[in-house]
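K.L.:
Test case, fold it:
(one chain, ligands or ions: 1)
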Amino acid sequence: FNPGIVVVAAGRGERAGTPEEGPKQYRLIGGMPVISHTLSGFVDWGGATAGIVVVIHPDDQGLFRDALSHVRETGNIRFVHGGHTRQQSVLNGLQALENASPSHVLIHDAVRPFFDTALINRICSALKSGDDAVLPAIAVADTLKQADANNMVAGTVPRAGLFAAQTPQAFTFDTIYAAHRKAAEEGRIDFTDDAGIAEWAGLGVRLVDGLSDNVKLTFRRDIAMADEKLSLNLI
Ligand code: C5P
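P.N.:
Residues are numbered from 1 along each chain as shown. Below is the predicted model:
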């Protein structure tokens, strides 16, 4: 078992709505950049024997260097440049990890800093028991509505059996790398997560319990709330 990690951090964070404040993975929460928390989580776990590849935007090298200065141990961490989409950025990360001959890979969004070691251990247990693809997810709690073009409710979607997908998503390295390359070759560039590529490639994807704290910091208010929670020691 020789897992590597790909952390994608090359997005511009347009949905956070405040470009002048920079990409959200570099915004400060609890006094340090979001991505410093994320990388520290993996370093503290200590199991990434094939190394950690961070995929960054070429414009962000200074921000990234500064973020690394907050991480206790960086000897295991390398970076490569990302692409125009998350999917392309992941593929660049997998390519960079290939030399380390990883048995498995955990693929994670930099903007989810609040995973914990127990979550990683659940994921790794599933990998070790032979699953090719593992997805942490949370059963949907809200009632779900379908909207029509006029913003009227067109129906209620039964939520039984529906889950919200999180990261890290984990895979046997060779299978997800092959699936990613095949998707790129066939011009399928519309996947928003890697489990989606695994499904498309015909792999069985194992669901494991996600973590409610493991939110994706997407909007400006998410950053503010994360900062607040850290200052109150709620995470
Ligand atoms: O845009 P989205 O919220 O789906 O981004 C999820 C993760 O993918 C973020 O950590 C973001 O930095 C990363 N990403 C990337 N390259 C892109 C777009 C997004 O690494 N071109």
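
K.L.:
Give me the three-state assignment for the residue of the chain found nearest the ligand.
P.N.:
As assessed by C-beta to the nearest ligand atom, the ligand sits closest to residue 11 within the chain, at 2.8 Å. C-beta: built from backbone N, CA, C; applies to glycine. Secondary structure for residue 11, judged by DSSP: H, G, I helix; E, B strand; the rest coil, is coil.

K.L.:
Phi first, then psi, for it.
P.N.:
phi -70, psi 160 (degrees, to the nearest 10).

K.L.:
Compute the distance between it and residue 73, please.
P.N.:
Distance, residue 11 to residue 73, by C-beta to C-beta, to the nearest Å: 25 Å.

K.L.:
Which residues does stretch 95-103 contact?
P.N.:
Residues outside stretch 95-103 that contact it (C-beta atoms under 8 Å, 6 or more residues apart in numbering): 1-4, 6, 50-51, 53, 78, 80, 105, 172-173, 177.

K.L.:
out of these, what pair is the most spread apart?
P.N.:
1 and 80 (23.8 Å; C-beta to C-beta).

K.L.:
Looking at the two, which has the bigger crowd around it?
P.N.:
Neighbour totals were compared for residue 1 and residue 80, and residue 80 leads with 17 against 11 (other C-beta atoms under 10 Å).

K.L.:
and residue 228, what element?
P.N.:
Applying DSSP states H and E as the criterion places residue 228 in helix 220-231.

K.L.:
can you tell me if that helix touches the ligand.
P.N.:
No: in terms of C-beta under 6 Å from any ligand atom, no part of helix 220-231 sits within range of the ligand; the closest distance is 10.7 Å.

K.L.:
Mind giving me the packing neighbours of that helix?
P.N.:
The elements that helix 220-231 packs onto, with contact taken as 3 or more C-beta pairs under 8 Å, 6 or more residues apart in numbering; DSSP states H and E, are strand 28-29.

K.L.:
so the residue of the chain closest to the ligand touches residue 88, yeah?
P.N.:
No: in this structure, residue 11 is not within contact of residue 88 by C-beta atoms under 8 Å, at 11.2 Å.

K.L.:
what touches both of those two?
P.N.:
residue 82.

K.L.:
So which of these two has more stuff around it?
P.N.:
residue 11 (21 against 17).

K.L.:
The more buried one: what's it in contact with?
P.N.:
23, 25, 57, 82, 86, 89, 111.

K.L.:
So which of those residues is the closest to residue 191?
P.N.:
The closest of the contacts of residue 11, once distances to residue 191 are taken by C-beta to C-beta, is residue 86, at 8.2 Å.

K.L.:
Name the residues of stretch 58-72 that are buried.
P.N.:
60, 63-64, 67-68, 70-71 (16 or more other C-beta atoms under 10 Å).
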